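Enquirer: Structure, please.
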Amino acid sequence: MYYLGPGHNPGFGLLNLRAEFRPTKGLRLFGQVGNVFGRKYSTAAQLGATAFNDAGNFVARPFPANANGDFPVRNATFYAPGAPRTFSAGLQYWF
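Expert: Okay, here's the model as predicted:
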C-alpha cells in the first residue's frame, strides 16, 4: 500500500489572553480570548485510505484493482482540526 500526503502534523503556536479585575472585596470580573489570531491548526494527523479513486469516485471495496497490485483508492493525511477563536467572560461574587 502506498501513502500520499506529507504524513506529518506541523507544529503550531497559539496566543491565549486572560484578564481579571477585582473592583471590590468579594467581586471578580474576568474574561478570556483563546486563539487570539484565529490561526487554523491541527492537533493530530493520521495516514489512511480515503475510499476515493483518482477520478474522485467512491470505491466500496478498496482492494487491489489489477495484477500489478495497484490500489484503486488514494491515501492521504487526515487532520483533526484545532479549536477556533473563543471568547468567554464571567462574574464571581463571594461573601
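
Enquirer: average pLDDT for the helix or strand in which residue 90 is found?
Expert: Secondary structure assignment for residue 90, by DSSP states H and E: strand 86-93. Regarding strand 86-93, the rounded mean pLDDT is 97.

Enquirer: just how off-centre is that strand within its chain?
Expert: Here strand 86-93 shows a centroid-to-chain-centroid distance of 25 Å under the convention Cα atoms, centre = their mean, to the nearest Å.

Enquirer: Mind giving me the packing neighbours of it?
Expert: With contacts defined as 3 or more Cβ pairs under 8 Å, 6 or more residues apart in numbering; DSSP states H and E, the packing partners of strand 86-93 are strand 27-34. Heads up, the C-betas are built off the backbone N, CA and C, glycines and all.

Enquirer: Excluding its own residues, what touches the strand it packs on? List them.
Expert: When contacts are defined by Cβ atoms under 8 Å, 6 or more residues apart in numbering, strand 27-34 is touched by residues 14, 16-23, 83, 85-93.
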